[in-house]
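> My questions concern the predicted model and sequence given below.
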Amino acid sequence: MADPKKPLLIKRYASRRLYNTETSDYVTLEDIAEFIRDGREVQIIDLKSGDDLTRQYLLQIVAEHESRGESVLPINVLNDLVRSYTTQATSIVPEFLAASFDMLRDGQSKMLENLTKASPLAAMPGMEAMRAQQEAFMKAMTGGLKGLGSTSPQGGKPSEASDEGLDEIKKQLAELQDKLSKLGK
């Protein structure tokens, strides 16, 4: 059985096909993205040269999601990233980004912990609905990243309350976008 703490080794053949060494089958970029969303680290190695291609493929996954309209990175952040490659700031940008994402993950986990049934706040009227809405929001914001509100506590399936909460969030977002577009005119 594979060790989930060890990076999943993917080999790239000369034909540019990607091979999962654990399952002995070929995988796509979307498969690799799913492994990562499930919490696995991956390492992609060129079979012939032995070069580590992980960074290149992860950037390609991000670029494909962004080009399909699944925008996570605002234009100003992308501009700042491009600028950081040509300035002395390159030494602090990677550490800053890593720390920012670590803080985001920790904050989301703590917020969800505070909304669980074990918390004294859970006994307050309306907290169950608020927790379900928060889980739906976290799922929408993180793309269902493992451990960040992707399922209900009752058994692993998304709850109906989460679906309703997500619908409510989508409705509120549409209303905000409508208001913003009217302000821009």
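Received the coordinates, thanks.
> I figured Asp46 was touching Tyr57, is that so?
No - using CB atoms under 8 Å, Asp46 is not in contact with Tyr57, being 10.7 Å away. No exception for glycine: its C-beta is placed from N, CA and C like everyone else's.
> neighbour count winner among the two?
The neighbour comparison of Asp46 against Tyr57 (other CB atoms under 10 Å) goes to Tyr57, with 18 against 15.
> Once you drop chain neighbours, what's closest to that one?
Ile44 (5.0 Å; CB to CB, 6 or more residues apart in numbering).
> tell me the mean pLDDT over the helix or strand hosting Gln133?
With elements taken from DSSP states H and E, the one containing Gln133 is helix 127-142. Averaging pLDDT along helix 127-142 yields 67.
> Stretch 70-90 too?
Taken as a whole, stretch 70-90 has an average pLDDT of 77.
> contacting residues around that stretch?
Residues outside stretch 70-90 that contact it (CB atoms under 8 Å, 6 or more residues apart in numbering): Val62, His65, Glu66, Val93.
> Kindly recompute the last result at 6 Å.
Identification of contacts with stretch 70-90 by CB atoms under 6 Å, 6 or more residues apart in numbering yields Val93.
> That one: which residues count as buried?
Residues of stretch 70-90 classed as buried by neighbour count (16 or more other CB atoms under 10 Å): Ser84.
> Alpha carbons of it, in PDB - could you do that?
In PDB, the C-alpha atoms belonging to stretch 70-90 read as follows (Å, rounded to 0.1, in the frame of the first residue of the first chain):
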ATOM      1  CA  GLU A  70     -12.100  29.400 -12.800                       C
ATOM      2  CA  SER A  71     -10.300  32.500 -11.800                       C
ATOM      3  CA  VAL A  72      -8.800  32.500  -8.300                       C
ATOM      4  CA  LEU A  73      -5.900  35.000  -8.900                       C
ATOM      5  CA  PRO A  74      -7.000  38.600  -9.400                       C
ATOM      6  CA  ILE A  75      -5.200  40.500 -12.200                       C
ATOM      7  CA  ASN A  76      -3.400  42.700  -9.700                       C
ATOM      8  CA  VAL A  77      -1.900  39.600  -8.000                       C
ATOM      9  CA  LEU A  78      -0.800  38.200 -11.300                       C
ATOM     10  CA  ASN A  79       0.800  41.500 -12.200                       C
ATOM     11  CA  ASP A  80       2.600  41.600  -8.900                       C
ATOM     12  CA  LEU A  81       3.800  38.000  -9.500                       C
ATOM     13  CA  VAL A  82       5.200  39.000 -12.900                       C
ATOM     14  CA  ARG A  83       6.900  42.000 -11.300                       C
ATOM     15  CA  SER A  84       8.400  39.900  -8.600                       C
ATOM     16  CA  TYR A  85      10.400  37.900 -11.200                       C
ATOM     17  CA  THR A  86      12.200  41.100 -12.200                       C
ATOM     18  CA  THR A  87      12.900  42.700  -8.800                       C
ATOM     19  CA  GLN A  88      14.900  42.000  -5.700                       C
ATOM     20  CA  ALA A  89      11.600  40.900  -4.000                       C
ATOM     21  CA  THR A  90      11.900  37.400  -5.500                       C
END
